[in-house]
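Asker: starting from these lines, generate the structure:
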Amino acid sequence: MGGRDRKFFSYAVNHIYQNTKDGINIFYSVEDYLVYFTIFSNSMAKYGITVYGLCLMYDHIHALLSVREQSSLYKSVGETTSRFVKEYNIEYSRKGPLFNSPFGSAVKIGEKKVRTAISYLYNNPVEKKLCCKAEQYRWNFIAYIDSPSPFSEKRTCRESSFELLKSKKEVKNTFNAGCHLNYTLLKRLLSKLDMKERDILVDYAIGLYSRLDYKGLVRYYGGYHKMLVAINSNTGSEYDIPETFYKAPDTAYREMIRYVEDICGIRPAGNVVSLPMSVKYELYSRLKRITGAHDFQIKKFLHLPSNYRKL
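Answerer: Numbers count the residues shown, from 1 in each chain. Below you'll find the model as predicted:
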């Protein structure tokens, strides 16, 4: 639900849903996720919004937000969207919007509806076959309730390389300055680290910027592990927001990312967005022939028109 028909109650939990324009993919790399996440976090802090959930999928975004004034909800989502689109378009040499407008929202009144929305949000990657349990997916951020580094190994300062320590310092300085992490900074920092240290830096950045109210979230269940049991036992549901749901698993996007990066040498995979159309058409044929992706998934991945047909 959006626009003038949008319902709103002060401090109630709102399920926010943003679908991409024509269903295109927007998240291809760690940099894509972190740029969005840090912009989002800064905007939520600026407008004093309580965040109970955020889930970043390849082609859409879910959030659970509680706010006093409706104007703050509009401003925070609008500011997050506009800043990310600007960064993204510059990075990938594209123009135009990334998301449908207006964004969808549904107010959740009562603990039962809130818990149902929580299960729905955190189980999005489970439903799309990206993981078996909600806490195994980095970009719904639920694992960070139980650990500051759930996807990386713990290292002391003495065990860390000079480059990792230096990168952490730059991330913290950027955070302290009230700025989000941009593509230029992230690419420079991550390029100097091995895979294990990249994961350490990503976990560090998420923990530093996160605005998710984990204590408030857990209170709905009486404990973290009770919450996980509830979430992993019930996928939840959403009847208030018209959402396009594709039955095909999102694992196809992972497969295509690996193919274009490892076989085609296109790094990061998001650079397929700015390829000439003739090259996209050739890559479309290769992906259709070699990967297990469905036709519509390849078009979303390459930002091809949905009505494109191979000649």
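Asker: low-confidence stretches in the chain?
Answerer: The chain contains residues with pLDDT under 70 at 1-5, 244-245, 310-311.
Asker: find the nearest non-adjacent residue to the residue most central in space within it, please.
Answerer: In the chain, the residue lying closest to the centroid (CA atoms, centre = their mean) is residue 56, at 2.2 Å. In space, and not counting its chain neighbours, residue 56 is closest to residue 139: 4.3 Å by CB to CB, 6 or more residues apart in numbering. C-beta coordinates here come from the backbone N, C-alpha and C atoms, glycine included.
Asker: contacts only, for the one you found.
Answerer: Counting by CB atoms under 8 Å, 6 or more residues apart in numbering, residue 139 touches 27, 33, 37, 55-57, 125.
Asker: give me that answer again for 10 Å
Answerer: Contact analysis of residue 139 by CB atoms under 10 Å, 6 or more residues apart in numbering lists 27, 30, 32-34, 36-37, 54-58, 61, 124-125, 130, 206.
Asker: and residue 219, backbone torsions?
Answerer: phi -60, psi -20 (degrees, to the nearest 10).
Asker: and it, what does it touch?
Answerer: The contact partners of residue 219, taken as CB under 10 Å, 6+ apart, are 111, 213, 227.
Asker: okay, it and residue 229: tell me how far apart.
Answerer: Note on residue 219: its distance to residue 229, by CB to CB, to the nearest Å, is 16 Å.
Asker: please flag which of the contacts of residue 139 sit within helices.
Answerer: The helices, defined by DSSP state H, take in 30, 32-34, 36-37, 124-125, 206 from those.
Asker: out of these, who's nearest residue 269?
Answerer: The closest of the ones in helices among the contacts of residue 139 to residue 269 turns out to be residue 32 (CB to CB; 9.6 Å).
Asker: now that closest one: closest residue in space that isn't a chain neighbour?
Answerer: Per CB to CB, 6+ apart, closest to residue 32 is residue 270, 6.1 Å.
Asker: alpha carbons of the helix or strand encompassing residue 285, as PDB, please.
Answerer: Using DSSP states H and E, residue 285 sits within helix 277-290. In PDB, the C-alpha atoms belonging to helix 277-290 read as follows (Å, rounded to 0.1, in the frame of the first residue of the first chain):
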ATOM      1  CA  MET A 277      23.500  -3.800 -25.500                       C
ATOM      2  CA  SER A 278      25.200  -5.900 -28.100                       C
ATOM      3  CA  VAL A 279      27.500  -7.400 -25.500                       C
ATOM      4  CA  LYS A 280      24.500  -8.000 -23.100                       C
ATOM      5  CA  TYR A 281      22.700  -9.900 -25.900                       C
ATOM      6  CA  GLU A 282      25.700 -12.100 -26.400                       C
ATOM      7  CA  LEU A 283      26.100 -12.700 -22.700                       C
ATOM      8  CA  TYR A 284      22.400 -13.400 -22.400                       C
ATOM      9  CA  SER A 285      22.800 -16.300 -24.900                       C
ATOM     10  CA  ARG A 286      25.800 -17.700 -22.900                       C
ATOM     11  CA  LEU A 287      24.000 -17.500 -19.600                       C
ATOM     12  CA  LYS A 288      20.900 -19.100 -21.000                       C
ATOM     13  CA  ARG A 289      23.000 -22.000 -22.500                       C
ATOM     14  CA  ILE A 290      25.400 -22.600 -19.600                       C
END
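Asker: can you list the helices and strands that the very next helix or strand once past that helix packs against?
Answerer: Under the assignment DSSP H and E, the closest C-terminal helix or strand after helix 277-290 is helix 295-302. If you count contacts as 3 or more CB pairs under 10 Å, 6 or more residues apart in numbering; DSSP states H and E, helix 295-302 packs onto helix 251-258, helix 277-290.
Asker: deepest of the ones you listed, which one?
Answerer: With neighbours taken as mean count of other CB atoms under 10 Å, these reach their highest mean count in helix 251-258, at a mean of 19.
Asker: now for that helix, which elements pack on it?
Answerer: Packed next to helix 251-258, using 3+ CB pairs under 10 Å, 6+ apart, are helix 277-290, helix 295-302.
Asker: who are the packing partners of the first one?
Answerer: In this structure, helix 277-290 makes packing contacts with helix 251-258, helix 295-302, judged by 3+ CB pairs under 10 Å, 6+ apart.
Asker: okay if I get those helices as JSON lines plus distance to residue 282?
Answerer: JSON lines is the format used below for these (distance: least, CB to CB, whole Å):
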{"stretch": "helix 251-258", "distance to residue 282": "14"}
{"stretch": "helix 295-302", "distance to residue 282": "10"}
